[in-house]
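Trainee: just coords:
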């Protein structure tokens, strides 16, 4: 089932060294951070795989009391189409007292971040063991990265965000949203879509537009009018922010109707999960700043992080990170730079200037870009994006036919050049890795930051991945002596190295701004690391 033992072990060598399997969940002390750092109601979403390699996703809300207890919440779990929805939640949490070692990190103990564990206290429906999570929490407590740490051996990771209200209504959520969908159908075919809608206060929607891609099949869109619709349940969200909506989409690829459970994060953000048993799609909605001025599309630079599944029979994961610069609408107006990793096939740094931007709709925030020979160079021949604001939004591979990989992700506006190591990598960020293919399954949450040794960085993290049909879990891990080799001042691209035993992994990263960047492994196959495929997000919000 898991064919890339070399890749998975390479991740371990790179970050931890191949160690023993950790059985069960370890409670952590609180010396590293105050329990009060985790307080309030948080919406969370994870994607990954169960112990058999089948797709798994979950979304929910969880309330921490700031004293070490989980006191409320609910969760929806979709394990390969088997859906369980349960609440209220209860349990405990604690923070790490073991990593990083004292004196190693300049940021540790100063309130900028922490590693913790959440343990729920009962079994949820068809889930055989109580859910548990490892998480890395941003210092202000408003944002975190989260991964599964249960005895069911789920390998899944995602985000957690502090909810802004306990009294959401459809009226408070009404507005314009860009939307992204990623996941798989009941036949495990990788599918992704991006679009936009105007949510009305009664739950109806208008001005709906969607583009969809199916790996190895192709793409379709924009689909508008009576062929697409989104309807939110009239009852509105409950006290945890949970409600339901139905998405119908009739295009050249399929005729589908999907039911989602959603959780409101704020009046600007909604996350969701398919609960109809027909697939494992997750949803993310972010409020748009419409109407967009024509100048919105002109950007000094946007960092993109995209993941998908290639068209090989093995359904390997492909990941890409890069920069999109657009100087106007028309022809020959975009420059696209990227590094990509297709199951160990490394491309980059690639730079394609004078690429076409055929059009941009100021009403919907939808635009397109064409990239000559992009697919054969590890990315896409064409892409569509829906903006949430200047330089930010969601992006989708729209390459025609079998070369489409359902490659999808985010656009994030860069803070602006010049980028330097001193100004943009001088602090700390929380870090996460996740996978879209069982062949490269991996989940990781942790901290990344500057050490007390000048010019060197380190990772403190928890990680889970499969080896020989078993799930290996490693807690309280450290990767010291991470070296940043340099940053391109104009575009924010750089490389860093992560030593592990006798081998050293090379990562390419693209800076968004201070202590916020994405990176992927670009180690050549000859290095013996064989190119782990994950996208790593480092983010200090």
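Mentor: Good, I have the coordinates. Not measured: the values here are computed from a predicted model. Numbering: from 1, shown residues only.
Trainee: so where is this protein shaky, pLDDT-wise?
Mentor: Low-confidence segments of the chain (pLDDT under 70): 1-33, 97-113, 122-128, 186-188, 312-314, 501, 525-532, 541.
Trainee: if you go through the stretch 351-500 of the chain in chain order, where are the strands?
Mentor: Taking DSSP state E, counting those that start in this stretch, the strands of the stretch 351-500 of the chain run over residues 360-361, 366-370, 382-389, 392-397, 408-413, 428-434, 443-450, 456-467, 470-487, 493-500.
Trainee: In a markdown table, list these along with distance to residue 93.
Mentor: Using the backbone N, CA and C atoms, a C-beta is placed for each residue, glycine as well. Output for those, formatted as a markdown table (distance: least, CB to CB, whole Å):
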| stretch | distance to residue 93 |
| --- | --- |
| strand 360-361 | 45 |
| strand 366-370 | 41 |
| strand 382-389 | 32 |
| strand 392-397 | 32 |
| strand 408-413 | 28 |
| strand 428-434 | 16 |
| strand 443-450 | 14 |
| strand 456-467 | 14 |
| strand 470-487 | 15 |
| strand 493-500 | 29 |
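Trainee: Dump those into CSV; add mean neighbour count and distance to residue 239 as well.
Mentor: Below are the strands of the stretch 351-500 of the chain laid out as CSV (neighbours: other CB atoms under 10 Å; distance: least, CB to CB, whole Å):
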stretch, mean neighbour count, distance to residue 239
strand 360-361, 20, 38
strand 366-370, 22, 35
strand 382-389, 25, 27
strand 392-397, 27, 29
strand 408-413, 23, 30
strand 428-434, 25, 28
strand 443-450, 27, 28
strand 456-467, 23, 31
strand 470-487, 18, 33
strand 493-500, 20, 43
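Trainee: closest to residue 181 out of these?
Mentor: Of all the strands of the stretch 351-500 of the chain, strand 408-413 sits nearest to residue 181, with 8.4 Å by CB to CB.
Trainee: How far off centre is that closest one?
Mentor: In this view, strand 408-413 has its centroid 10 Å away from the chain centroid, taken as CA atoms, centre = their mean, to the nearest Å.
Trainee: Please work out how many residues are found near residue 67.
Mentor: Per other CB atoms under 10 Å, the neighbour tally for residue 67 reads 12.
Trainee: contacting residues for the closest residue to it other than its chain neighbours?
Mentor: Leaving aside its sequence neighbours, residue 67 sits nearest to residue 35 (CB to CB, 6 or more residues apart in numbering; 5.8 Å). Neighbour list for residue 35: 66-68, 93-95 [criterion: CB atoms under 8 Å, 6 or more residues apart in numbering].
Trainee: of the strands of the stretch 351-500 of the chain, which approaches residue 176 most closely?
Mentor: Nearest of these to residue 176, taken as CB to CB: strand 382-389 at 9.3 Å.
Trainee: List the strands paired with the closest one, with their directions.
Mentor: strand 366-370 (antiparallel), strand 392-397 (antiparallel) (DSSP bridges).
Trainee: wouldn't residue 393 be in contact with residue 179 here?
Mentor: No. At 10.2 Å, residue 393 does not count as touching residue 179 under the criterion of CB atoms under 8 Å.
Trainee: Mutual contacts of those two, please.
Mentor: With CB under 8 Å, 6+ apart as the test, residue 393 and residue 179 both reach 286, 386.
Trainee: need the strands for the stretch 51-200 of the chain, in chain order.
Mentor: Secondary structure of the stretch 51-200 of the chain, counting by DSSP E, counting those that start in this stretch: strands at 55-65, 69-79, 82-86, 91-95, 113-120, 132-138, 143-148, 155-162, 175-184, 190-199.
Trainee: Now distance to residue 466 too, for the ones you listed, in a markdown table please.
Mentor: Formatted as a markdown table, the strands of the stretch 51-200 of the chain follow (distance: least, CB to CB, whole Å):
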| stretch | distance to residue 466 |
| --- | --- |
| strand 55-65 | 13 |
| strand 69-79 | 16 |
| strand 82-86 | 20 |
| strand 91-95 | 26 |
| strand 113-120 | 21 |
| strand 132-138 | 17 |
| strand 143-148 | 13 |
| strand 155-162 | 7 |
| strand 175-184 | 18 |
| strand 190-199 | 19 |
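Trainee: Quick check: which of those is nearest to residue 298?
Mentor: Closest of the strands of the stretch 51-200 of the chain to residue 298 is strand 175-184, at 18.5 Å (criterion: CB to CB).
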